[in-house]
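Undergrad: I would like to see how this sequence folds:
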Amino acid sequence: MLTASTAIRNDYWIEILGIKRTKISVLIIGNNPIEMTGIYNILIGFRSKSYLTDVCFDLKDCFNRINKSKPEVLLVDDNLGVKRIQKMALVLRQNPKTSKIKVIVLKSSNRNNQVITEVDNYIVKESINAKSLDGVIDKSMQGQMIQ
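TA: Below is the predicted model:
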């Protein structure tokens with residue numbers, strides 16, 4: 001397990017060696033701390049990219065965090081409710097300061113094929129690993145849906 005000092009030393013060497021790392025700001029929104037911590041750990045574990053990751057556990061708090069940290073990507077757990085997620089995404093799209101934020105829904109299963117308007121992408125939670133999560137974020141940043 002990496003300690004804070006190890007992570008700082010790694011960042012130091014990456015900077016010294018001139019290794020270019022893409023920095024992407026991500027906000028994870030969900031009501032299950034165990035699942036959200038797992039996704040957080042995947043994102044901070046990347047060596048080729050620097051995911052600047054934050055977590056919040058309700059939609060009310062997410063708007064404060066969005067204003068404070070200015071994320072490029074939101075990972076939203078579908079357990080928060082489809083209507084609430086759709087309303088949040090609509091509010092984000094209507095504000096010029098937040099309209100470019102990519103919204104990716106973390107789906108519990110594929111059984112419910114309900115489409116949430118204003119959402120950029122979806123990923124099924126059981127299929128989440130480092131490669132799939134990085135891929136869906138990359139595709140969303142490029143404006144492409146995962147098929």
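
Undergrad: can you pull out the strands in this protein?
TA: 22-29, 49-56, 73-77, 102-107, 121-124 (DSSP state E).

Undergrad: give me the low-pLDDT residue ranges for this protein?
TA: Counting by pLDDT under 70, the ranges of the chain that qualify are 1-21, 112-114, 144-147.

Undergrad: So which residues of it form helices?
TA: 4-17, 33-44, 59-69, 82-94, 130-141 (DSSP state H).

Undergrad: Including distance to residue 25 and mean neighbour count, could those go into CSV?
TA: Using the backbone N, CA and C atoms, a C-beta is placed for each residue, glycine as well. CSV is the format used below for these (distance: least, CB to CB, whole Å; neighbours: other CB atoms under 10 Å):
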stretch, distance to residue 25, mean neighbour count
helix 4-17, 16, 10
helix 33-44, 11, 15
helix 59-69, 6, 14
helix 82-94, 14, 16
helix 130-141, 11, 17
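
Undergrad: Would you mind giving the ones you listed as CSV with distance to residue 24 added?
TA: Formatted as CSV, those follow (distance: least, CB to CB, whole Å):
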stretch, distance to residue 24
helix 4-17, 16
helix 33-44, 9
helix 59-69, 12
helix 82-94, 17
helix 130-141, 7
